[in-house]
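Visitor: could you work out the structure for the sequence below:
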Amino acid sequence: MNQSDHIIMGPEATETSGLECIILAGGLGTRLKSAVPDLPKCMAPVAGKPFLHYIIEYLLKQNVSRFIFSLGYMHEHIENYILKNYPHIHYVFSVEKEPLGTGGAVLLACQYAQQKNVLVLNGDTMFRTDIQKLMSYHIQHEAVCTLSLKPMQNFDRYGVVELNKEGYISSFREKKFYEQGNINGGVYALNVEKFIGIHFAEKFSFEIDYLERYHDSQKMMGLIQDEYFIDIGIPEDFERAGKELSEKQAD
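Guide: Presented below is the predicted three-dimensional model:
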């Protein structure tokens, strides 16, 4: 499968010493159209800077040294931003010629991974997990995929991920009102070889067709981290992000 017109820019190295991540940044952002027209969702301006800026800066502080940007909708905006503002980092653009779903996007981006285990993150959420802790836990337990889970209270926008006493994922519960529960925070540690070894359709959902379908046959684990989380997928949280992230950037 070679659907990507990829571009390798910046001071590319054969192998980097830090962590490697895939940022899913190809979403249409349909729920944000009223607030942010004509931009990819991750480029939505938050306190005067693209939301993607906050994600990259956070990851750089977490020892991420190589970025694979999974792009699609209006990808030129993101490419131009990276070229102008981050010429010093190691990065690859993995561009979908047509929408492949979140799973297809990850699978395509994995073609350009250099390490055995990579991080996968959503470009429209910020979850300030301890990434080193996540990756160490993932490698220590030889997991195929390890999810960062965020404890929440009184919510209905997200489903709940349940773990057994050993830390393996036991079930995914549907979206409805919960008084409390752990949600999928959209930050994953993924074993590349084991993931690409599964036969998938060309277009598929990472969450439904991979996580929910294979959690009982693959070694999938969850690590709970009660850290700052925000999802800019809806206008009210997008507005909230403007205040909160500008304050946290100053911390």
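
Visitor: I'd like to know how many residues surround the closest residue to Gln225 other than its chain neighbours.
Guide: Nearest non-adjacent residue to Gln225, counting by CB to CB, 6 or more residues apart in numbering: Thr129, 4.6 Å away. For the C-beta atoms, the positions are set from N, CA and C on the backbone; glycine is no exception. Neighbourhood size, Thr129 [other CB atoms under 10 Å]: 24.

Visitor: could you do Arg240 as well?
Guide: The local packing of Arg240 (other CB under 10 Å) involves 14 other residues.

Visitor: so what's it up against?
Guide: Residues counted as contacts of Arg240 (CB atoms under 8 Å, 6 or more residues apart in numbering) are Ile230.

Visitor: pLDDT score for the residue nearest to the spatial centre of the chain?
Guide: In the chain, the centroid-proximal residue (CA atoms, centre = their mean) is Leu121; its distance is 1.2 Å. With respect to pLDDT, Leu121 has a value of 96.

Visitor: across the sheet, point out what pairs with it.
Guide: Beta-bridge partners recorded for Leu121 (DSSP bridges): Ile23, Val187.

Visitor: which residues touch stretch 151-170?
Guide: 141, 147, 149, 171-184, 211, 215, 219-224, 226, 229, 231, 234.

Visitor: in that stretch, what's buried?
Guide: Met152, Tyr158, Gly159, Val160, Val161, Leu163, Gly167, Tyr168, Ile169 (16 or more other CB atoms under 10 Å).

Visitor: same list (those residues) but as a markdown table, adding pLDDT and distance to Tyr188.
Guide: What follows is these, written out as a markdown table (pLDDT from 0 to 100; distance: CB to CB, whole Å):
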| residue | pLDDT | distance to Tyr188 |
| --- | --- | --- |
| Met152 | 96 | 18 |
| Tyr158 | 93 | 16 |
| Gly159 | 95 | 16 |
| Val160 | 97 | 17 |
| Val161 | 98 | 12 |
| Leu163 | 97 | 15 |
| Gly167 | 96 | 15 |
| Tyr168 | 97 | 15 |
| Ile169 | 98 | 12 |
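
Visitor: just give me the closest of these to Phe69.
Guide: The closest of these to Phe69 turns out to be Tyr158 (CB to CB; 25.1 Å).

Visitor: now the closest one. Its backbone dihedrals?
Guide: Per-residue torsions, Tyr158: phi -130, psi 150 (degrees, to the nearest 10).
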